[in-house]
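Asks: no FASTA, just this:
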């Protein structure tokens, strides 16, 4: 039996066909609207005599999640579904970035920034444009009302609007929302409960993805994995995440997400840092932790440098060390397997990494940043598909 896809519910499900009259006539007879599968009620559910076509529709409706992956939120590696498949599809998309621009027609991407950005803003906006979407950028700290984010507060200060009214209003103007909201280092529970982005997930009524939240930066980590896949020289490379000094206290979001992804990828993953900089167990999981940086670097294929402030109590959010012996230099890189150097950028030269290392042929920080567009586009595509 040929089933029409152009004007029938099966069209959205990717079922091939050459015959439209049978499907359209049947659906009209069974009082089923044409032009899209979502929200349709085939004859089985109308309690009329079911036919093969409507039995098929009901089966696909009830089992579509098994074959069609639509993302509702993106905050960690598990939200990607099959990780290997996600990387493969992202690399395929990279070869033809405009192949899916029809998906975003008449759809709007809203990007909400509570904190500054360069790569995240540009790459995510470009990703939405590649998919044919309209894009709106809202900087909460410039040109918008300051938002109160906590419940129970008497709003007699400088914040005139509560986020719980603002979020559903934002949702009314768009189809997908990206949120960037860093850890504040004032309340560990508030940060690690991801209070702000979870409010968007709960109250916006739209798919929501993290453009870096308090505890994770999954778009960055996905781009990192794509980059490793492109540059690896062996099937199971050794990947080292190393702490490096910085003059400011930085969130654990990037190293958390990098660990989250590497623990699910087919790599030999090692974390190295001074004592006192242990990350949360939920992200470290089974990774090897090595306090001797030189030993950790031995035979590594990829070195990922990043600073983060202390996570463990009572030092949450504090700087415990600025030891520049941890700055990645030619000394450490010499014991690696001619490793590629990675960093999420922006980078403090000669604090995180020396000039000669970041400017070397083995530095892939620019291709890594370029892949931010690809990781964002894959995620957004999964949110607007169907």
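Replies: Looks like it came in fine. Bear in mind the structure is a predicted one, so any value in this text is a computation, not a measurement.
Asks: Tell me which stretches of the stretch 151-300 of the chain form strands.
Replies: For the stretch 151-300 of the chain, applying DSSP state E, counting those that start in this stretch gives strands covering 161-162, 176-180, 208-210, 238-243, 268-272, 288-290.
Asks: Walk me through which strands the first one pairs with, and which way each runs.
Replies: Same thing as strand 161-162. strand 147-148 (parallel) (DSSP bridges).
Asks: How far away from the center of its chain is the strand it pairs with?
Replies: 25 Å (C-alpha atoms, centre = their mean, to the nearest Å).
Asks: Rounded mean pLDDT for that strand, please.
Replies: Throughout strand 147-148, pLDDT has a mean value of 83.
Asks: how about a markdown table for the strands of the stretch 151-300 of the chain, with distance to residue 82 added?
Replies: The C-beta positions use only the backbone N, C-alpha and C, and glycine is treated the same way. Formatted as a markdown table, these follow (distance: least, C-beta to C-beta, whole Å):
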| stretch | distance to residue 82 |
| --- | --- |
| strand 161-162 | 39 |
| strand 176-180 | 21 |
| strand 208-210 | 18 |
| strand 238-243 | 20 |
| strand 268-272 | 19 |
| strand 288-290 | 25 |
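Asks: mind checking which of these is nearest residue 89?
Replies: Closest to residue 89 of the strands of the stretch 151-300 of the chain is strand 208-210 (C-beta to C-beta; 16.3 Å).
Asks: buried sites along that closest one?
Replies: Neighbour counts over strand 208-210 (16 or more other C-beta atoms under 10 Å) mark 208, 209, 210 as buried.
Asks: Could you find the closest non-adjacent residue to residue 285?
Replies: residue 263 (4.9 Å; C-beta to C-beta, 6 or more residues apart in numbering).
Asks: Am I right that the one you found is in contact with residue 281?
Replies: No. With contact defined as C-beta atoms under 8 Å, residue 263 and residue 281 do not form a contacting pair (11.5 Å).
Asks: Those two: which has the busier surroundings?
Replies: residue 263 (15 against 8; other C-beta atoms under 10 Å).
Asks: circling back: in TSV: the buried residues of strand 208-210, plus pLDDT and distance to residue 73.
Replies: Listed next are the buried residues of strand 208-210 as TSV, based on pLDDT from 0 to 100; distance: C-beta to C-beta, whole Å:
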residue	pLDDT	distance to residue 73
208	98	5
209	98	7
210	98	8
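Asks: Just the closest of those to residue 151, please.
Replies: For these, the nearest to residue 151 is residue 208 (19.2 Å; C-beta to C-beta).
Asks: Report the beta-bridge partner residues of that closest one.
Replies: residue 73, residue 177.
Asks: Next, count neighbours for residue 121.
Replies: 17.
Asks: How is it assigned, secondary-structure-wise?
Replies: Reduced to three states with DSSP: H, G, I helix; E, B strand; the rest coil, the structure at residue 121 is helix.
Asks: right, and it touches residue 113 too?
Replies: Yes. Counting by C-beta under 8 Å, residue 121 touches residue 113, with 6.9 Å between them.
Asks: Quickly list what's touching both of the two.
Replies: Taking C-beta atoms under 8 Å, 6 or more residues apart in numbering as the criterion, residue 121 and residue 113 both touch residue 137.
Asks: ok, back up a step: which one of the strands of the stretch 151-300 of the chain lies nearest to residue 344?
Replies: Using C-beta to C-beta, these put strand 238-243 closest to residue 344, at 11.2 Å.
Asks: these two touch, right, residue 100 and residue 128?
Replies: No. Assessed by C-beta under 8 Å, residue 100 is found out of contact with residue 128, at 11.5 Å.
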